[in-house]
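> Need a 3D model of the following:
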Amino acid sequence: MDWTAQAGQLGAAFATGLMIGLERGWKLREAEDGSRVAGIRTFSLFALVAGIAGLLAQAGQNIVAGVIVAGTAAIAAIGYSRSISDSGKPDATSAVAAMTTLALGFLAGLGEPAIAVAGGALVTALLALRTEVHRWVRLLDEADIKALARYAVIALAVFPFLPEGRFGPYDAWEPRTLWLVVIIVTGFSFVGYAANRMFGARRGTIATAVIGGAYSSTAVTHSFAQRIGAGAGAGGGAENAGIALASAVMYLRVIILVAILATSLLPYFVGIVAPALVVGFGVAYWLYRKAPSSTGPAPPGNPIAMLPALTFVTFVAVAAVAARWAETRFGEEGIAVLLLLMGSMDVDAAIVTAGGLEPGTISPDLAALAIAGTILANMCVKLGVTIVYGKRGARPAALALAASMVALAASLLVGYLDL
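A predicted model of the protein is given here:
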């Protein structure tokens, strides 16, 4: 191996120990001399020794490397055990941090310096944010732990074991892509739920619109429109701005989904929806500046539930088969119509279906037009909800949605004429 690569690996190991040791040394800065087991120098040396052991292991000296790592770990364990017996205060965190430093240094020596340095940065951040982490844990309740556990199962316990490749009728099903949709959609929900817990249930209509709009702008529209219609919003309250803002956030959410799941459509799609996005945020800001202070309803409760996620996957899977059938029977025009009809019920499903099609099945500009058309159909639904439930008091919100729809419809018309 080139000596420069070896030097880089040792440098990464040393930097890892330096980061962790700096935090540990600062934490124990007021301790009496001789009472600290390890600080910035010792942690740096731990990682450097482990990095040397990793280089030896790469050279085939596995026994020597194992003896070095085991001996260093034993020294650290003896030192921390004596410190605990002398002070009577357990300090498992520093002991585990020392072992983690050894492991990361060894990993750098084995040829993975980037992972080692990244791991060191994460460990340092976790140790430095001790107060904030403990404060956050105290705010959690049983429902929060269950929500986190559900999302961990969805994102970490299922996805890595799904097979790659296409399966099913017309080879329409790609398990990893289907489950990635569940991870993304439930991820939006989880972020909204966590933010709701962090900010409090009724900390403001605008916070509710941003959080709720990230995963269900229709639900936020319904909630605010009902509130306006019942007179709770006094007609000119911030609920009108919240309805407009939730839909503007929805545009951003869909752009992110397209960027992840249907990347080839992104330039065309952004060009179509950008005017509506600007109009949506502009009108929402104008309504907010006009509105008095208002506390809004809380976003929906814990949204991490397996049944809705599995139902969504089933819908997307059926839509994928239908898209392949439409492509076989009618060509790309049939797919465009199918995406439009599908998106009127669920925009996310249309995006996933478009992203799962083989390259060349449908032109990116036509697919982008179809998905943008689904947004227009969805906006029509929200406009109807606003008018029916909000009545005259929701007129500003209805006009805001209509302005955004006009901008989107104009972009769709221009895009269609350019086909």
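> Every contact and neighbour count from this point should use C-alpha atoms.
OK.
> what residue ranges in the stretch 101-250 of the chain score low on pLDDT?
Per-residue confidence for the stretch 101-250 of the chain (pLDDT under 70) gives these ranges: 170, 172, 181, 184-205, 208, 215-216, 219, 232-237.
> where do the helices sit along it?
In chain order, the stretch 101-250 of the chain shows helices spanning 113-128, 130-139, 142-152, 175-199, 205-213, 217-229, 239-261, with DSSP state H, counting those that start in this stretch as the criterion.
> What separation is there between the closest residue to residue 154 other than its chain neighbours and residue 160?
Closest residue in space to residue 154, ignoring its immediate chain neighbours: residue 183 at 6.3 Å, by CA to CA, 6 or more residues apart in numbering. Spatial separation of residue 183 from residue 160 under the definition CA to CA, to the nearest Å is 12 Å.
> For the two, indicate the residue with more neighbours.
Each of residue 183 and residue 160 has its neighbours counted (other CA atoms under 10 Å); residue 183 has more, 21 against 9.
> Report the spatially closest residue to residue 255, excluding sequence-adjacent ones.
Once its chain neighbours are removed from consideration, residue 255 has its nearest residue in residue 270; the separation is 7.0 Å (CA to CA, 6+ apart).
> roughly how far apart are that neighbour and residue 253?
If you go by CA to CA, the gap between residue 270 and residue 253 works out to 12 Å.
> What of residue 44?
Applying CA to CA, one obtains 43 Å for the distance of residue 44 from residue 253.
> what do you get for residue 136?
The gap separating residue 136 from residue 253 is 27 Å, by CA to CA.
> More neighbours: which of the two?
Between residue 136 and residue 253, counted using other CA under 10 Å, the more crowded position is residue 253 (18 against 11).
> Could you tell me how far the closest residue to the more buried one other than its chain neighbours is located from residue 151?
Distances taken as CA to CA, 6+ apart put residue 214 closest to residue 253, at 6.1 Å, once the chain neighbours are dropped. Going from residue 214 to residue 151 by CA to CA gives 17 Å.
> With neighbour numbers in mind, choose between the two.
Just comparing residue 214 and residue 151: by other CA under 10 Å the higher neighbour count belongs to residue 214, 25 against 21.
> thought the more buried one was touching residue 254?
No - because the distance of 9.3 Å does not satisfy CA atoms under 8 Å, residue 214 is recorded as not touching residue 254.
> for stretch 42-61, which positions count as buried?
For stretch 42-61, the neighbour count (16 or more other CA atoms under 10 Å) marks 42-57 as buried.
> Model confidence for the residue nearest to residue 255, exactly?
What the model reports for residue 270 is a pLDDT of 90.
> between the host helix or strand of it and helix 205-213, how many degrees?
Secondary structure from DSSP states H and E places residue 270 in helix 266-290. With axes from the mean of the first three to the mean of the last three CA atoms, to 10 degrees as the criterion, the two stretches helix 266-290 and helix 205-213 enclose an angle of 160 degrees.
> so how far is helix 266-290 off the chain centroid?
A distance of 22 Å separates the centroid of the chain from that of helix 266-290, by CA atoms, centre = their mean, to the nearest Å.
> helices or strands next to that helix in the packing?
Counting contacts by 3 or more CA pairs under 8 Å, 6 or more residues apart in numbering; DSSP states H and E, helix 266-290 packs against helix 239-261, helix 364-390, helix 395-417.
> let's see 10 Å
Packing partners of helix 266-290 (3 or more CA pairs under 10 Å, 6 or more residues apart in numbering; DSSP states H and E): helix 205-213, helix 239-261, helix 364-390, helix 395-417.
> Mind checking the pLDDT average for the third one?
By that I understand helix 364-390. When the per-residue pLDDT values of helix 364-390 are averaged, the result is 83.
> Could you list the buried residues of it?
Of the residues in helix 364-390, those buried under the neighbour-count criterion (16+ other CA under 10 Å) are 364-380, 382-383, 385-387, 389-390.
> who does that helix touch, helix- and strand-wise?
Contact analysis of helix 364-390 by 3+ CA pairs under 10 Å, 6+ apart lists helix 217-229, helix 239-261, helix 266-290, helix 332-345, helix 347-356, helix 395-417 as its packing neighbours.
> quick one, the third one and helix 364-390 angle?
With the same axes, to 10 degrees applied, the angle from helix 266-290 to helix 364-390 works out at 20 degrees.
> quick check: angle from helix 266-290 to helix 395-417?
Here helix 266-290 runs at 160 degrees with respect to helix 395-417, directions being taken by the same axes, to 10 degrees.
> And helix 266-290, what's buried?
Along helix 266-290, the positions that meet the burial threshold by neighbour count (16+ other CA under 10 Å) are 266, 268-270, 272-277, 279-285, 287-288.
> go on, the first one?
Across helix 217-229, burial judged by 16+ other CA under 10 Å covers 217-229.
> And residue 401, what's its pLDDT?
Model confidence at residue 401, expressed as pLDDT, equals 92.
> Could you give the number of residues near it?
26.
> ok, now which ones touch it?
Listed by CA atoms under 10 Å, 6 or more residues apart in numbering, the contact partners of residue 401 are 243-245, 247-248, 276, 279-280, 283-284, 379-380, 382-383, 386, 395.
> I'd like to know how far the closest residue to residue 402 other than its chain neighbours sits from residue 217.
Distances taken as CA to CA, 6+ apart place residue 383 nearest to residue 402, at 7.3 Å, with adjacent residues excluded. Using CA to CA, residue 383 is found at 12 Å from residue 217.
> residues bridging contact with the two, i.e. touching both?
residue 243.
> Which member of the contacts of residue 401 is positioned nearest residue 6?
Comparing those against residue 6 with CA to CA picks out residue 248 as the nearest, at 51.2 Å.
> if I look at that closest one, how far off is residue 408?
Separation of residue 248 from residue 408 (CA to CA): 12 Å.
> more crowded one of the two?
It is residue 248, of residue 248 and residue 408, that has more neighbours when counted by other CA under 10 Å, with 27 against 24.
> Next up, the contacts around the closest residue to the more buried one other than its chain neighbours.
Take residue 248 and drop its neighbours on the chain: the residue closest to it by CA to CA, 6+ apart is residue 280, 5.0 Å away. Contacts of residue 280 were listed using CA under 10 Å, 6+ apart, and they are 244-251, 274, 400-405, 407.
> got it, and residue 415?
Under the criterion of CA under 10 Å, 6+ apart, the contact partners of residue 415 comprise 268, 269, 271, 272, 365, 366, 368, 369, 409.
> pLDDT at it, what is it?
Per-residue pLDDT puts residue 415 at 81.
> thinking again about what came up before, of all the buried residues of helix 217-229, which two lie farthest apart?
217 and 229 (17.9 Å).
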